[in-house]
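**Student:** I'll drop the sequence and a predicted model, then ask my questions.
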Amino acid sequence: MRCAFNMIWGGPLRFIAWTFGLLLFLAAILWWTGTARAVALQPSRPLDNAECLGCHAQPNMILRVGINNILITVDPQKFQDSIHGQNGLLCADCHPDISAYPHPDSYSQTNRREFQFALYETTQKACANCHAGQVSDAASGVHQQTLHAGNHNAAFCADCHYPHYVDPEIDLQRAQIPDVCARCHSEIAALYKKSVHGAALTGEGNPDAPTCVSCHGNHKIVDPRTVEFRNAIPLLCASCHTSKEIMEKYGLSTNVMQTYVADYHGTTVTLFEQTSPNLPTNKPVCTDCHGVHNISSTKDPVSGIGLKQNLLPKCQRCHPDANENFPDAWMSHYNASPAKYPLVFFVNLFYWIMIPGVIGGMLFFVATDIIRRAIDHWKGAWR
């Protein structure tokens, strides 16, 4: 019996026992190394930049997201030269949810934009830590409102300010602003660059030319499709076009607001803007005649409304029966003078003299007659 047992134990059973023990030993080693690695990749302290850049500094590092390839390489020197690098920000300051590899599942998205939006949702609080005012303004802007409505194509912080390489000198260059907006609004930006404003800004570097943010704002961007925005357009344009300092450089009238408000169109729009900004009016505002993003010089032979043949089609949009003499009543935001519209000036001058002369003469006649009668009455009373 003992011999038989020894034969069995010394054979298959011993082999099985040794194999089972070896597997247990290997499993213990794997568990221990896995735990140690997890501890190493999930430190209690924030990851420093060197740990992040150990991977992300690799050139042409690509992340596959759905059908999109996304470059996730970060140039260490460019980051260090950026305003964030100069201020000693850690990667973990903006990516507080990342403390280990592999990264959280929230970054596994179906396409590029959803991946970017997932990043935005985890980093927007980080932006607010340093830029609370701008984040607060953006919250009431059209971009944020569109995002909250579920359209993830609307712009958020990183679409305009690339966070890894934010350069304050470049970001403050006004001529670069249309290119930033063109990332989403390419067709509008192309129209703007051909306009009198855009050509002056991007072609000449003119500091007086308005940029996109001059009219729309930067963070607190108002929806330009609203009635309130349309009714406020005259005041918006007047912010530059009533400035004597700016307009004198280009020989333009600063009476744009005065002459606009003085006529029926402007009086009505101004009344709506001041009393009922939410109510629409069919009266024209500046952009109805001059254009929006494609504003041209009034002297432009093709589209300038300083020329009668170009102004008439504008008038006929609201006044379909207007004939070729209809625009003659418009004086292009100028007050009549010997140099500008002299006929109107001298007619006005004639009335300025005649009306006070006639009325003043009649008042003088009435006054002297009353005095004469009073004197005669007084003399008669004493006789």
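**Tutor:** Good, I have the coordinates.
**Student:** so what's the residue sitting nearest the centre point of the chain up against?
**Tutor:** With distances taken as Cα atoms, centre = their mean, the residue of the chain nearest its centroid is N218 (4.2 Å). By Cβ atoms under 8 Å, 6 or more residues apart in numbering, no residues touch N218. From N, CA and C alone the C-beta is placed, and that goes for glycine too.
**Student:** That one sits in which helix or strand?
**Tutor:** When elements are defined using DSSP states H and E, N218 is found to belong to no helix and no strand.
**Student:** Could you report the distance from it to K78?
**Tutor:** Using Cβ to Cβ, to the nearest Å, we find N218 at a distance of 24 Å from K78.
**Student:** try S332
**Tutor:** According to Cβ to Cβ, S332 and K78 sit 50 Å apart.
**Student:** Looking at the two, which one has more neighbours?
**Tutor:** More crowded of S332 and K78, by other Cβ atoms under 10 Å: S332, with 15 against 12.
**Student:** what sits against the more buried one?
**Tutor:** S332 neighbours (Cβ under 8 Å, 6+ apart): 253, 298, 306.
**Student:** Let's verify it: helix, strand, or coil?
**Tutor:** Here S332 is coil, with the state taken from DSSP: H, G, I helix; E, B strand; the rest coil.
**Student:** which stretches of the stretch 101-250 of the chain form helices?
**Tutor:** Assigned by DSSP state H, counting those that start in this stretch, the stretch 101-250 of the chain shows helices spanning 112-130, 132-139, 142-148, 157-160, 168-171, 177-181, 186-194, 196-198, 212-216, 227-231, 233-241, 244-247.
**Student:** Identify whichever of those lies nearest to G85.
**Tutor:** Across the helices of the stretch 101-250 of the chain, G85 has its closest neighbour in helix 168-171 (11.9 Å, Cβ to Cβ).
**Student:** In stretch 244-260, which residues are buried?
**Tutor:** 247, 252-257, 259-260 (16 or more other Cβ atoms under 10 Å).
**Student:** was I right about A209 contacting K193?
**Tutor:** No. Judged on Cβ atoms under 8 Å, A209 makes no contact with K193 at a distance of 11.1 Å.
**Student:** out of these two, which sits in the busier spot?
**Tutor:** Ranked by neighbour count (other Cβ under 10 Å), A209 and K193 place A209 first, with 21 against 17.
**Student:** which intervals of the stretch 51-200 of the chain have sub-threshold pLDDT?
**Tutor:** Within the stretch 51-200 of the chain, the segments meeting pLDDT under 70 span 105-109, 169-172.
**Student:** give me the number of residues near D223?
**Tutor:** D223: 13 neighbours (other Cβ under 10 Å).
**Student:** In contact with it: list those residues for me.
**Tutor:** 142, 145, 229.
**Student:** Same check on L47?
**Tutor:** Listed by Cβ under 8 Å, 6+ apart, the contact partners of L47 are 90-92, 98-99.
**Student:** Most neighbours among those residues, please name it.
**Tutor:** Highest neighbour count within the contacts of L47, by other Cβ under 10 Å: C91, with 21 neighbours.
**Student:** So which of the contacts of L47 sit within strands?
**Tutor:** Among the contacts of L47, the subset assigned to strands under DSSP state E is empty.
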